[in-house]
Structure formats: structure tokens, C-alpha cells
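> Please work out how this folds:
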Amino acid sequence: MVSYNPGDILPNAQVAFPIDSASFDFNKHIEVPSISTTLAIPIKIRNQHNCRCQTANEASIMQTMNCLADPIKYPDVGPPLQPAYQYFQEDIDKLLASSSYRVSVGPLPTFLEEILVGIEVKRSQEKLADEKLDRDLRKAKEAEKLAKKKMQPLEGSLAAAKARPTDSFGNALLVIPEEMYQTTRLQIYLPLHFLSTTNIRLVSECPSILSVKHDYKPIPTSLDPDPSSVPVVLVEAMLKKWGAESALQFTDFFAYLTALGRAQQIMDRLAGPVPVDEDIYHIGREFSKHVDFFKSIPNIDIFWTKVFEWERSQARKILSNQPFSLLDYKTAAASFDMHFGAMAAPSFTSNKRLATVQLEAERPPKMPRSGLESQSDSFRGRPASSQNPSQNSAGHDSRFPTCLCCGGPHRIQEHPHSSTVDINNKPLFTTYKNGFLWTIGNPPGYSEPQRVCVHFNLRRCTKPHGQTVFLDICARCGGNHAALQAH
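Numbering: from 1, shown residues only. Presented below is the predicted three-dimensional model:
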């Protein structure tokens, strides 16, 4: 190893020894120089030059990195990097076309080998894709030939054809397939985009595209111990054809509302006429409340894609006989307002229908009257999954609102933020803001305010005590009981 005295000029770095690591630009020294575009040089000579450059440059870079790490042991950087010759598309094509030609002009530099291997892998993948496409086309042609053999004679086949009914705009009326009704009747969830205008029209024009199990045997029940086989849609198979459920399946808000209207049509037909008695649980009426609430959210035509997943999750709950809960829906709407900044919990005072929905939703869940459930109307009179008594252990009538924060005769959303005491003139333990219930101070064991579970305080939490994300404590005093149970 060459030794240097202080002040000697280093041959590669061209600076005085010892090299100053702070001022010397090591990164610039190891920059690969521009490719030389000199023409009319045979590829074999270019390969030889580029292989030498590659070996020399790798050694130079290693020496430079050693100098950076230990300038005393390795006083000088590596020699300047050498430029390589350029390759043209004609060279690449010849090397890929003949392996013997590649050997005759070799050896090849590593970077050229990597380019060739990458192109070969891509071509191999494209070849496999083309072969698969050819196989699929052959199968389709064979299936088409087989179908033609089974076709009836064409002569006179349209003699009894009738004009299809049309709407006021002259468009053909689209009919929801009976298989979709049967599927929903068995409480199998149909993704909403199955009911889009595009897919319903596609099924009406080509019924065979709908994957159906024609001999599906429903689970026996006490009302129907030996159910008949019915045709149902194979949802998993159709998801592979039409894609997963998402807001992207709809072109705009109107297309989404149209599909939602068809879902309402299915519910109304299966549930039958709405009973006059308001105490009878009716799934069609509950779904109608759900749709009305969703439509009444301010600016929903702008933000509908943001709340799509929430709306679908609530629709699934109603399909499984969970009643509409206005409090849960308003809490969700308040959360949307906090996240999106331009939405708010809708008001149900704009028309008589929505005002009626609010009054109905604040009543306790309705129990069906005996003898009203039938096999033909499978959703009529079906009991909800859980029912609460009209009064709790503390004597509150659940038909009228009671604030979880102060116990006043109003909903929690209407709790005045300026209030500091409850109806008994005791300091408040929680407050309601941004759609959530928060402790005013720091609960025992915590260094900051915590969120309190609203469902626990309403005695509607379905999870075991203490296993929710929020605190299962009383919103009035912090005890291990629900607010509507002890206050």
C-alpha cells in the first residue's frame, strides 16, 4: 500500500493528504459517467470494453467506499469511473434472436444480461396469456356450436312474439328476476350492484348469465318443516362475474338510488302490505325508514360514496331483523359531519313522512302479533332480534327521551354544551361532542378524557362487559352500571 505524507496530492482524489471527509464529495466521485454513443464499433468490441469498465468501476467504487469509512487505512479514493458503450435496439433484437450469436459476441456485461433476461421473462408471460386466450376462444366457439345444435328451428320462432312493456319515455321496463326475490326471502344478502340498471337489463336480455342453483333446499323451520326447493342466486359466482360490491359499481348518485329503489321494491313485495297496527314489526317499513334517513342526509348526492359502506352495513342489519334505530343513525350522521365537514345529522321536520319516521324510530322495537306470520309473506310480522321493555329498572319510560349526560327530558344530541350540572344539581360526569360521549375529567387510571360507550348506557351493547373499545361505565356517575338502569 502506498504511503503519503501530509500535504501530498492524492492521485485519484486530486486533493492533499489526508482527505477531508466533510468537504470531499464522495457521491459525485462514484457517479456513473454518461454512456458513450460512439457509432460503427462492432458489438464484440463494445462488449469487451464494457466488461473491463464494469470490473474496473466496481473495484473503484469499493475503494472509494473504504476511503469514506476509514481514510487513514485507505487514504485515496478509487480511480475515476469509465464510461460504457451504448447498445441499440438492433443489438438487443439480434442477441434475443440467436443464442449462438450471443455466445459468439460474448461475454456480455452484467447490466446487458439483466436487460435481456427481463425482456425474455416478459415475452414468456405474454405468450402464456395469449395461449390462455386462444384456449378460451376455442372453448367459447365449441360451446356456441353445441348451443346451435340444440336450438329450435328458426322458421316461425317469433310468430307469437309480443311487444315488451315500456315506460313513459319509451324504455323497456326492467323486471327483477324471481331468483333475486327468492334469495332475499331466505335472508341471503344480495350486493346492491346486482340490482343496478346495467345488470338487470343484462339479465333480462340474457337470463343464462345469472348463476342460479335451481334446487336449493331451505333450512326447515317450525312453520315449514319440509320446505320446497327454490331457485336462488349463487352470490359468490356472480361476484366473480360482476365484481365486489362498492360505490365504484355505480356511475352516479342517480344510478345508486335506482338500485336502492329496487331493493325497497323487493322488501315491500316480500313483507306484504304494511299493517295498520304500528306495534307489529314490519321489515318493509323498517327498510323504508332506513332509505328515507339516508336520502335526507344533507349533501348526500355529493358524499354518497363516502357513506356507502355504512349504508350497506345497516341494510344487512335490517335484513337480519334488526329494527331501525334513529339514535344509531343520527350518531353515525354526526360522525360523517365530523369527518367530511359538510354533512350533518338530518332533520326529520321537512315533511310529514320523515317526521313520522322519527316518531316511529323512538318507540321501543315492535313485537309481532301471534298468528300473523305466514309462509307466503316470509317477512311479515317477524320479531326483531332483540326486544327491550318499555320501562327500565330506574322507572324511565323508554318511549320518551332521557339525556345520558344530565338526565334531562331531551335526546343526548340536544344536550346544552353550556350546562355544568345535571337535573339533581350535581356536576356532570360526561359531555356529548362531535357525535361521541366523552368524560369531562380524567377517569381513574387515565391521564386524559376517555370516550364512553353509548350502547352500554342505553343497555343495548351486545359485547361482554369491558370488551368494547370505549369505557363501559355510567355516563352520569362513572359507576359499573348503565345510566338508564340506575338513574
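> The residue lying closest to residue 324 once chain neighbours are set aside: how many residues sit nearby?
In space, residue 324 comes closest to residue 289 once its chain neighbours are excluded; the distance is 4.2 Å by C-beta to C-beta, 6 or more residues apart in numbering. Just so you know, the C-beta spots here come from the backbone N, C-alpha and C atoms, and that holds for glycine as well. Counted with other C-beta atoms under 10 Å, the neighbours of residue 289 add up to 22.
> tell me the SS of residue 289?
At residue 289 the chain is in helix, as set by DSSP: H, G, I helix; E, B strand; the rest coil.
> Likewise for residue 40?
Under three-state DSSP, residue 40 comes out as coil.
> give me the number of residues near it?
Residues near residue 40, counting by other C-beta under 10 Å, number 4.
> next one: residue 427
Neighbours of residue 427 (other C-beta under 10 Å): 9.
> State the pLDDT value of it.
For residue 427, the pLDDT comes out at 90.
> Roughly how far does it sit from residue 476?
11 Å (C-beta to C-beta, to the nearest Å).
> Could you measure from the residue nearest to residue 324 over to residue 296?
For residue 289, the distance to residue 296 - C-beta to C-beta - is 11 Å.
> ditto for residue 428
31 Å.
> what does residue 432 give?
21 Å.
> and if you look at residue 8?
Residue 8 is 85 Å from residue 296, by C-beta to C-beta.
> Residue 189 is in contact with residue 316, correct?
Yes - if you go by C-beta atoms under 8 Å, residue 316 and residue 189 touch, sitting 5.6 Å apart.
> what's the average pLDDT for the longest helix along the chain?
Using DSSP state H to define each element, the chain has its longest helix at helix 110-150. Throughout helix 110-150, pLDDT has a mean value of 88.
> Tell me the helix or strand right after that helix.
Using DSSP states H and E, the helix or strand that follows helix 110-150 towards the C-terminus is helix 178-185.
> other SSEs contacting that next one?
Other helices and strands packing on helix 178-185, by 3 or more C-beta pairs under 8 Å, 6 or more residues apart in numbering; DSSP states H and E, are strand 230-233, helix 253-271.
> Could I get the buried residue list for the last one?
Translated: helix 253-271. Buried residues in helix 253-271, counted by 16 or more other C-beta atoms under 10 Å: 256-260, 262-264, 266-268, 270-271.
> okay if I get those residues as a markdown table plus distance to residue 205 and pLDDT?
Shown next, in a markdown table, are those (distance: C-beta to C-beta, whole Å; pLDDT from 0 to 100):
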| residue | distance to residue 205 | pLDDT |
| --- | --- | --- |
| 256 | 22 | 92 |
| 257 | 23 | 90 |
| 258 | 18 | 90 |
| 259 | 18 | 92 |
| 260 | 23 | 93 |
| 262 | 17 | 93 |
| 263 | 21 | 93 |
| 264 | 24 | 92 |
| 266 | 21 | 93 |
| 267 | 26 | 91 |
| 268 | 26 | 90 |
| 270 | 25 | 90 |
| 271 | 29 | 89 |
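> Can you lay out the residues you listed as CSV showing distance to residue 183?
Formatted as CSV, the buried residues of helix 253-271 follow (distance: C-beta to C-beta, whole Å):
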residue, distance to residue 183
256, 21
257, 22
258, 19
259, 15
260, 17
262, 13
263, 12
264, 16
266, 9
267, 13
268, 16
270, 11
271, 15
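> circling back: of residue 432 and residue 296, which one has the most company?
Neighbour count, other C-beta under 10 Å: between residue 432 and residue 296, residue 432 has more, with 24 against 19.
> Ramachandran coordinates for the more buried one?
For residue 432, the backbone dihedrals are phi -110, psi 120 (criterion: degrees, to the nearest 10).
> where in the protein is pLDDT low?
1, 36-39, 151-154, 156-172, 336-401, 434, 466-467 (pLDDT under 70).
> ranges for the strands of it?
All strands of the chain, identified by DSSP state E, fall at 212-216, 230-233, 430-433, 436-439, 451-452.
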